[in-house]
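K.L.:
test case, fold it:
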Amino acid sequence: MRTAGIIAECNPFHEGHAHLLRRARSVSGADYVIVVLSGDYVQRGAPAIQDKYLRTRAVLEGGADLVLELPLYYACGAADYFARGAVTLLARLNVVTDLVFGSESADLNALLKAADALKDRGSDRFRDSLLKGLRRGQTYAQAQAAFSPDIPKSSNDLLGAHYLAAASAFQDDSAPQFHAVKRIPAPSASELRSRMLASGDRLTAPYLCADDFSGALLMRLLEQRDHLEDYADVSGPLADRIRAQLPSYRGFEDFVSQVKTRDVTYTRVARSLLHILLDVRTADLMQLQELGVIPYVRVLGLRDSASALLSEISRKASCPVLVRSADAEHLPDGKSQALLQKEIRAAWLYDLTAAGLASSEKNGAVPEYGRRLIRI
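P.N.:
Next comes the predicted model:
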């Protein structure tokens, strides 16, 4: 049985994602396609424009057989952390034979070279080069590419290189085949989000943006003012800057713009503030490493025709597979349960915020532990 794995945010799902799903099956010859999907919050440090269950349904209708949730801690992480979490999740299923990802170049050999170049990112030489580039006004991707010509500037090629660099999570005897699928011309997710937020459906859908969480974020910043350094991605200097700018707080996105500097990008600040909002602490990330990076797998959706795949994963996976949030009680240790409870609280905040904007497909704010997986 061949099983292809795809990592995606689908924020929102669009024709480019549908193309990737179709190509994933054809280039790999897979019997099944699994999508690891970011949940209610995404890598750029913002809420997803639609909740994870609406996006899961779209992914299944677009051709996936099984949708699994990328844990919050990785979904909101920098590219290397995002990739490591997602690839490790696929590896721990012990059924994935192929890893497929979208790419601007679709040049797998060049991306493998880029993956090797990324291994130097932890060096002092890299950090110095990066800071110089940022101070010259380069974007993070541009500054990173300037350090090594093998590191791509384009976002999907760069993320693909990170996936390849993280592939050591697979055992040598189970390493997947890699497939880089060339992206097709289509409106980007960013363009689609802008249209959705400007549309008349903004409140009736509802479509969420970072500013919908402005009040909740301000409350957290005031409560945690003296402990900001405890949160993931929040350095001492960044914590000081957040505290200094707090009296002029007017909203989530405006505050990100106030806090960012040449050395600390907009996305890094947004991600740090999201970690504070959702109570994602540095200690949580350290605990995840102790627990093997991925301590559990959560199922979001399934095609009825793929029930055999889910059964195979439940039998072979090297960590618990949770079909319902209530299955948390079956986790083997309190540390894993505590991490999952933080994810459930973050989802509950998303649901409350959506319900506060308008009635939606959720019929109001349904507790995360009461949600059922999507089946088609």
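K.L.:
dump the lengthiest helix in the chain to CSV, keeping only the CA atoms.
P.N.:
The longest helix of the chain (DSSP state H) is helix 334-357. Taking C-alpha atoms only, helix 334-357 is exported to CSV below (Å, rounded to 0.1, in the frame of the first residue of the first chain):
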residue,chain,number,x,y,z
GLY,A,334,0.0,13.8,32.3
LYS,A,335,2.5,15.8,30.3
SER,A,336,0.8,14.9,27.0
GLN,A,337,-2.6,15.5,28.5
ALA,A,338,-1.5,19.0,29.6
LEU,A,339,-0.2,19.9,26.2
LEU,A,340,-3.4,18.7,24.5
GLN,A,341,-5.6,20.7,27.0
LYS,A,342,-3.7,23.8,25.9
GLU,A,343,-4.6,23.0,22.3
ILE,A,344,-8.2,22.5,23.2
ARG,A,345,-8.4,25.8,25.1
ALA,A,346,-6.9,27.6,22.1
ALA,A,347,-9.5,26.1,19.8
TRP,A,348,-12.2,27.1,22.3
LEU,A,349,-11.0,30.7,22.2
TYR,A,350,-11.2,30.6,18.4
ASP,A,351,-14.8,29.2,18.6
LEU,A,352,-15.9,31.8,21.1
THR,A,353,-14.5,34.6,18.9
ALA,A,354,-16.2,33.2,15.8
ALA,A,355,-19.5,32.9,17.7
GLY,A,356,-19.1,36.4,19.0
LEU,A,357,-19.0,37.7,15.4
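K.L.:
go through that helix and flag the buried ones.
P.N.:
For helix 334-357, burial by neighbour count (16 or more other C-beta atoms under 10 Å) applies to 336, 339-340, 342-344, 346-351, 353-355. (Glycine included, C-beta is placed from N, CA and C.)
K.L.:
same deal with stretch 59-79?
P.N.:
The neighbour-count check on stretch 59-79 (16+ other C-beta under 10 Å) flags 59-60, 62-79 as buried.
K.L.:
how close does A83 get to R241?
P.N.:
From A83 across to R241, the span is 28 Å (C-beta to C-beta, to the nearest Å).
K.L.:
for the residue positioned nearest the centre of the chain, which non-adjacent residue is spatially closest?
P.N.:
With the centre of the chain defined as its mean C-alpha position, the nearest residue by C-alpha atoms, centre = their mean is A75, 2.4 Å away. Spatially, and ignoring its direct neighbours in sequence, A75 is nearest to S38 (3.9 Å; C-beta to C-beta, 6 or more residues apart in numbering).
K.L.:
for that neighbour, what are phi and psi?
P.N.:
Torsion angles at S38 (phi, psi; degrees, to the nearest 10) stand at phi -60, psi 150.
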